[in-house]
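Undergrad: Next one to model:
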Amino acid sequence: MKKYFIALSMAFSIAALLSSGCGSTATRIDPTGNQGLTTAHDINFKDWQMAAEKGINSLLESGVLDRKDGRKTIIMVSIVKNSTFQHIDTNILTDKIRQAILRSGKAVTTTAVSGGGADDNATRQVRSLQNDGMFDQRTVQQNGTAIAPDMSLSGEIIQQKTVSGRDEESYFFIHMAMTDLKTGLALWEDNVEIAKQATRPALGW
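TA: Alright, predicted model coming up:
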């Protein structure tokens, strides 16, 4: 029995050492700097920043958002198709572009309609308050007042993987387009290309 308790005590001690050795230390980094981790087969936050910056600069320089009637172009976000081998939240890219468009002062974006449904259902929801006795009808938004978009922003992210021995490479192709919703014509298109390489260790993972 004594040997059993000694063995059990040693097992707990080893488990405690292993668990403490597996711990990690987290630190905050500057998201605008170059301290982030780089992995071969993932899109990292620096990649999103680079893609959004190139996309918005190209869009603004193209002049497609410029109007002569004094009204700002209204843009909706359509679908950004994920054709990679991983789960990607494409909203990271489109949100950055939308925010930059708003800051430019050349256009506004709508949240009442998008390729995946309304980003904010409130525009439609408040109109259901019509004829609701609880609300002063003079303050209720009426039908026929929401403004439809002029253009839609869409895109696709494609990934190609190559493995040669211990060397791995990923190529990401990010395509973006702005479509005139009246004519269906693409008024602006551009691409961002990202290539990454990594070498796996000879031993281990």
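
Undergrad: which stretches of the chain form helices?
TA: Using DSSP state H, the helices of the chain run over 2-21, 45-62, 91-104, 122-125.

Undergrad: Please save the CA atoms from the last one in CSV.
TA: In this case it means helix 122-125. Backbone C-alpha positions of helix 122-125 (Å, rounded to 0.1, in the frame of the first residue of the first chain) are rendered in CSV as follows:
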residue,chain,number,x,y,z
ALA,A,122,-33.2,47.9,-37.5
THR,A,123,-34.0,49.7,-40.7
ARG,A,124,-36.7,47.2,-41.5
GLN,A,125,-37.6,46.5,-37.9
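
Undergrad: Residue 194 reaches residue 54, doesn't it?
TA: No: Residue 194 is beyond contact range of residue 54, at 10.4 Å (criterion: C-beta atoms under 8 Å). C-beta: built from backbone N, CA, C; applies to glycine.

Undergrad: pLDDT wise, what is the residue lying closest to residue 193 once chain neighbours are set aside at?
TA: Spatially, and ignoring its direct neighbours in sequence, residue 193 is nearest to residue 173 (5.9 Å; C-beta to C-beta, 6 or more residues apart in numbering). In this model, residue 173 is scored at 93, pLDDT.

Undergrad: What spatial separation is found between residue 173 and residue 64?
TA: Using C-beta to C-beta, to the nearest Å, one gets 22 Å for the distance from residue 173 to residue 64.

Undergrad: ok, the most centrally placed residue in the chain - contacts?
TA: In the chain, the C-alpha closest to the average C-alpha coordinate belongs to residue 92, at a distance of 1.9 Å (C-alpha atoms, centre = their mean). Taking C-beta atoms under 8 Å, 6 or more residues apart in numbering, we find residue 92 in contact with 45, 48.

Undergrad: for the residue lying closest to residue 60 once chain neighbours are set aside, what are its contacts?
TA: Counting by C-beta to C-beta, 6+ apart, residue 104 is the residue found nearest to residue 60 once chain neighbours are left out, at 5.7 Å. Residue 104 is in contact with 56, 60, 65, counting by C-beta under 8 Å, 6+ apart.
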